[in-house]
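**Q** Prediction below, plus the sequence it came from.
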Amino acid sequence: TDVSILWSLTVPVGGQDDSTKAVITLQPPWVSVFQEENVTLWCEGPHLPEDSSTRWFLNGTTIQTLTPRYRITAATVNDSGEYRCQTGLSVPSDPIQLEIHRDWLLLQISNRVFIEGDPLALRCHGWKNKLVYNIVFYQNGKAFKFSPQDSEFTILKTNLSHNGIYHCSGMGWHRYTSAGVSITIKELFPAPVLRSSLSFPLLEGNLVNLSCETKLLLQRPDLQLYFSFYVGSKTLMSRNTSSEYQRLTAKREDSGLYWCEATTEDGNVIKRSSELELQSPTSVWFHVLFYLAVGVIFLVDTIFCTIIHKELQRQKKWNLEISLGSGHEKKVTSYLQKEIQSEEELKCQQ
Ligand SMILES: *[C@@H]1O[C@H](CO)[C@@H](O)[C@H](O)[C@H]1NC(C)=O
Ligand SMILES: *[C@@H]1O[C@H](CO)[C@@H](O)[C@H](O)[C@H]1NC(C)=O
Ligand SMILES: *[C@@H]1O[C@H](CO)[C@@H](O)[C@H](O)[C@H]1NC(C)=O
Ligand SMILES: *[C@@H]1O[C@H](CO)[C@@H](O)[C@H](O)[C@H]1NC(C)=O
């Protein structure tokens, strides 16, 4: 059969469904090797029932290999470049940038680009497998791992802080230092933000919608985020696919610091929001009682004021009647009475 016709009929052009993307794996798993070393590339992807052939590309050009295994023996600089593969029912794989080096020491890495949460393997490798010891791994010029014997080190869960230029040094005849390699970690989703549907103060019986908002920056097959909601150290909802949480505020205990968390299914990436404070919901009865109390106080105050006012007037008048002579009595009394009255009025108004 004519293979090229089959390909042109079945390869979905531009159909970027990640689940049908072919995947290249390396054996040994390093994207950089020394000259004369062997590497095997494997291609995995769905095939047509009647055709199990695999296509390989180096720098965009087809290689004359149709097996899922592409073996490089005694690598030369001509083997370096960007590899992709494709099977009958897949779209081309992500590229693998294979580098062939000549040096004394080589920092080998399992890939150049990672998505946060992926593992990253490093190996400080001597030319012709020469033994190196007292190995130091560096990120951006800063040592982060010392290893007396083991030349391999794995960062199990990468995060954005693992971006940078890596190199290593090790003892052989003397101390050798590798060249630097750049490693990129891509963010899967930013830390979520917790939002509330209601502004405050809350009333008892209010329905509050809390939403844990974030956005996937990369599409990955079968990627599902899970959301958890907390108040203080108490879990309100644990690992639900829904990023919304509904709450009927009823009690004093509903006040507090709320936060949420978004995680991937495997839990390799966990990000939490900052805290959002919800104030204590005040009950309807509290409001009723409060206004009732204010009303009562006002009423009592008014009555009390009137009584005191009248009592004072009476006493002053009586005092004056005693102290003053009978001749000027009436005039002075009425004058003072007026003054006292206005004084009391002022006090009650205050
Ligand atoms: C590469 O493979 C060839 C043949 O399969 C073998 O003779 C050679 O020793 C291998 N080279 C290394 C560096 O392992
Ligand atoms: C592929 O491209 C890279 C970089 O452009 C180059 O260094 C390498 O030699 C190329 N490989 C082949 C086989 O042409
Ligand atoms: C809360 O969410 C529910 C269901 O998703 C919706 O019916 C309701 O209107 C929302 N309430 C507010 C205040 O946003
Ligand atoms: C997840 O959330 C939905 C909607 O809020 C709810 O109906 C469902 O019971 C929750 N599932 C679990 C396992 O909590």
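**A** Now that the structure is in, tell me what you want to look at. Numbers count the residues shown, from 1 in each chain. Ligands and ions are numbered 1, 2, ... in the order given.
**Q** got a list of what residue 43 touches?
**A** By CB atoms under 8 Å, 6 or more residues apart in numbering, the residues touching residue 43 are 22-24, 54, 56, 68-70, 85-87, 93. Every C-beta, even on glycine, is put in place using the N, C-alpha and C of the backbone.
**Q** how does it look with 6 Å?
**A** 22, 24, 54, 68, 85 (CB atoms under 6 Å, 6 or more residues apart in numbering).
**Q** For the nearest residue to the first one once chain neighbours are set aside, the count of nearby residues, please.
**A** This points to residue 22. Nearest residue to residue 22 in three dimensions, chain neighbours excluded: residue 45, at 3.4 Å (CB to CB, 6 or more residues apart in numbering). Neighbour count for residue 45, taken as other CB atoms under 10 Å: 20.
**Q** got it, and residue 188?
**A** Neighbours of residue 188 (other CB under 10 Å): 23.
**Q** State the distance from it to residue 174.
**A** Separation of residue 188 from residue 174 (CB to CB, to the nearest Å): 43 Å.
**Q** before we move on, back to that, adding distance to residue 99 and secondary structure, write the contacts of residue 43 out as CSV.
**A** Formatted as CSV, the contacts of residue 43 follow (distance: CB to CB, whole Å; DSSP: H, G, I helix; E, B strand; the rest coil):
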residue, distance to residue 99, secondary structure
22, 21, coil
24, 15, strand
54, 23, strand
68, 23, coil
85, 18, strand
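**Q** Let me know the closest of these to ligand 3.
**A** residue 22 (40.5 Å; CB to the nearest ligand atom).
**Q** picking up where we left off before, in contact with the residue nearest to residue 22: list those residues for me.
**A** 22, 87, 90.
**Q** Phi, psi for the residue nearest to the last one when sequence neighbours are not counted please.
**A** Leaving out its chain neighbours, the residue that sits closest to residue 90 by CB to CB, 6+ apart is residue 45, at 3.4 Å. Phi and psi for residue 45, reported as degrees, to the nearest 10, are phi 180, psi 160.
**Q** circling back to that earlier point, go through the contacts of residue 43 and name the one nearest ligand 1.
**A** residue 68 (18.4 Å).
**Q** And the closest residue to residue 224 other than its chain neighbours, how far from residue 245?
**A** Nearest residue to residue 224, sequence neighbours excluded (CB to CB, 6+ apart): residue 265, at 5.5 Å. When CB to CB is the yardstick, residue 265 and residue 245 sit 19 Å from each other.
**Q** how many neighbours does the residue in the stretch 251-350 of the chain that ligand 3 sits nearest to have?
**A** The nearest approach of the stretch 251-350 of the chain to ligand 3 comes at residue 278, 13.8 Å away (CB to the nearest ligand atom). By other CB under 10 Å, the residues close to residue 278 number 20.
**Q** Tell me which residues touch it, please.
**A** Listed by CB under 6 Å, 6+ apart, the contact set of residue 278 reads 255, 258.
**Q** And the pLDDT for it?
**A** On the pLDDT scale, residue 278 is placed at 79.
**Q** which residues does it bridge with?
**A** Taking DSSP bridges as the rule, residue 278 bridges to residue 256.
**Q** again with residue 99
**A** Here residue 99, judged by DSSP bridges, has bridge partners residue 32.
**Q** Surely it touches residue 80?
**A** Yes. Taking contacts as CB atoms under 6 Å, residue 99 lies within contact range of residue 80: 5.4 Å.
**Q** now the helices for this structure?
**A** Taking DSSP state H as the criterion, the chain contains helices spanning 3-10, 284-323, 329-349.
**Q** And those, which one averages the lowest pLDDT?
**A** It's helix 3-10: among these, that one has the lowest mean pLDDT, namely a mean of 34.
**Q** Spatially nearest residue to residue 42 (excluding sequence neighbours)?
**A** residue 25 (4.8 Å).
**Q** ok, now residue 57?
**A** In space, residue 57 is closest to residue 84, 4.5 Å off (CB to CB, 6+ apart).
**Q** Would you agree the one you found is in contact with residue 92?
**A** Yes. Residue 84 is in contact with residue 92 according to CB under 6 Å; the separation is 4.8 Å.
**Q** So between these two, which is more surrounded?
**A** Set residue 84 next to residue 92 and count neighbours by other CB under 10 Å: residue 84 wins out with 18 against 15.
**Q** ok, back up a step: neighbour count: residue 265 and residue 245, which is higher?
**A** residue 245 (19 against 13).
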